[in-house]
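[1] The sequence and its predicted three-dimensional model are supplied below.
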Amino acid sequence: MKVSIVVSTQPAQFEAATFKGDLAANLERISGLGYDGVELAIRDPRLVNTDDLTAMLERRGLEAPAIGTGQAWGEESLSFTDANPDIRRTAIERIKSHLPLANRLGAIVILGLIRGTLRPGVEHDQAMALLVEALRECSAAASEAGVRLALEPINRYETTLINTVAEGLELIERVGADNFGLLLDTFHMNIEEPSIEESMRKAKERIFHFHVADSNRRYPGAGHTDFPAILGLLKESGYSGYVSGEFLPLPDAATAAKKAISYLRAI
């Protein structure tokens, strides 16, 4: 099973983007630690020189299995469910703008907090209808580009929309696109799922990407999550994608990344 870790290509407020800052130096460090790839957190692909980025990855033998888009919410408050239709349209177009790079890298595009959360002026049912509409449009564009999309169920303290695997699977049915699946994250599942393993069994082949962070959102092995059981079940399910570290850079990014890869390789 291949292992990657989150690295941001641009400055970001999000604390669990494990590596931020000098991209070339971070890629060199990640490669040296033995990671197979990097999950690229990209706020706006227009701010990234894709030729330079691809070359930097190739020089270090790193793949890019996924592109995270959450910074569009964190830095710009873009979401599919905003009361303002112009903001909704900008959010949809931002996701579409990631598709050429995703196709080039063979990467999944992650839909995290760009789904938004309930705010004044939008009721829950209306927000869900807007979300489904946006996801259908993005999934259709992604299908034409040969790209898969993965929505991440996120805990209740960060969003009011799609907190559990069951809600994610119901959303998949409503969207009705073969290239639309789920990203499961052990930190969020530890909060929301009665049984992480049972929820994983229900998701089955709809698991498109997988995040690992321990119960305290630190590196795997720093909390009480049963990673041997979880990763064993993931392997048994036939999952062939990456296990990607998205955890707090504590005590610092390099130390956390080193401890994570050592722990995961041992499993």
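    It's in. Numbers count the residues shown, from 1 in each chain.
[2] C-alpha from now on. contacts and neighbour counts both.
    Noted.
[3] Can you list the buried residues in the helix ranked longest in the chain?
    For the chain, the helix that runs over the most residues, judged by DSSP state H, is helix 124-145. Judged by neighbour count using 16 or more other CA atoms under 10 Å, the buried positions of helix 124-145 are 127-128, 130-136, 138-140, 142-143, 145.
[4] Please tell me how far that helix is from the chain's geometric centre.
    17 Å (CA atoms, centre = their mean, to the nearest Å).
[5] Can you give the contact residues for that helix?
    For helix 124-145, contacts defined as CA atoms under 8 Å, 6 or more residues apart in numbering pick out 80-82, 92, 95-96, 99-100, 103, 115, 118, 148-149, 161, 171, 174-177, 179-180.
[6] Tell me the strands beside the helix or strand that that helix is followed by, with direction?
    On the C-terminal side of helix 124-145, the closest following helix or strand by DSSP states H and E is strand 149-151. The pairing partners recorded for strand 149-151 under DSSP bridges are strand 108-111 (parallel), strand 180-185 (parallel).
[7] mind checking how far the last one is from the chain centre?
    Average the C-alpha atoms of strand 180-185, do the same for its chain, and the two points are 8 Å apart (CA atoms, centre = their mean).
[8] What of the shortest one?
    Between the mean C-alpha location of strand 108-111 and the chain-wide mean there is a distance of 6 Å, by CA atoms, centre = their mean.
[9] mind saving the C-alpha coords of it as CSV?
    What follows is the C-alpha trace of strand 108-111 in CSV, where atoms were taken according to Å, rounded to 0.1, in the frame of the first residue of the first chain:
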residue,chain,number,x,y,z
ILE,A,108,-8.3,12.4,-7.6
VAL,A,109,-9.8,15.8,-6.8
ILE,A,110,-10.9,16.1,-3.2
LEU,A,111,-14.1,17.9,-2.2
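[10] What mean pLDDT does that strand get?
    Computed over strand 108-111, the mean pLDDT rounds to 98.
[11] same deal with stretch 178-198?
    Per-residue scores along stretch 178-198 average to 98.
[12] which other residues reach that stretch?
    Counting contacts by CA under 8 Å, 6+ apart, the residues outside stretch 178-198 that touch it are 110, 139, 142-143, 147-156, 163-165, 168-169, 172, 199, 203, 206-217, 225, 229-230, 233.
[13] What are the boundaries of the helices in the stretch 1-150 of the chain?
    Shown for the stretch 1-150 of the chain, the helices assigned by DSSP state H, counting those that start in this stretch span residues 23-32, 50-59, 71-76, 85-97, 99-105, 124-145.
[14] Please work out the angle formed by the directions of the longest one and helix 85-97.
    Computed with axes from the mean of the first three to the mean of the last three CA atoms, to 10 degrees, the direction of helix 124-145 lies at 30 degrees from that of helix 85-97.
[15] show me what contacts the residue nearest to the spatial centre of the chain?
    Closest residue to the average C-alpha location of the chain: I110 at 4.5 Å, with CA atoms, centre = their mean. Taking CA under 8 Å, 6+ apart as the criterion, I110 is in contact with 66-69, 149-152, 183.
[16] try 7 Å this time
    Under the criterion of CA atoms under 7 Å, 6 or more residues apart in numbering, the contact partners of I110 comprise 66-69, 149-151.
[17] can you count the residues close to L47?
    Using other CA atoms under 10 Å, L47 has 10 other residues around it.
[18] quick one: it and T225, what's the gap?
    37 Å (CA to CA, to the nearest Å).
[19] so how far is G61 from I110?
    Between I110 and G61 the computed distance is 22 Å (CA to CA).
[20] swap in I67?
    For I67, the distance to G61 under the criterion CA to CA works out to 17 Å.
[21] where do the strands sit along the stretch 151-267 of the chain?
    If you assign secondary structure with DSSP state E, counting those that start in this stretch, the strands in the stretch 151-267 of the chain sit at 180-185, 207-212, 243-245.
[22] do you know which of the ones you listed lies nearest E76?
    Ranking the strands of the stretch 151-267 of the chain by distance to E76, with CA to CA as the measure, places strand 180-185 first at 22.5 Å.
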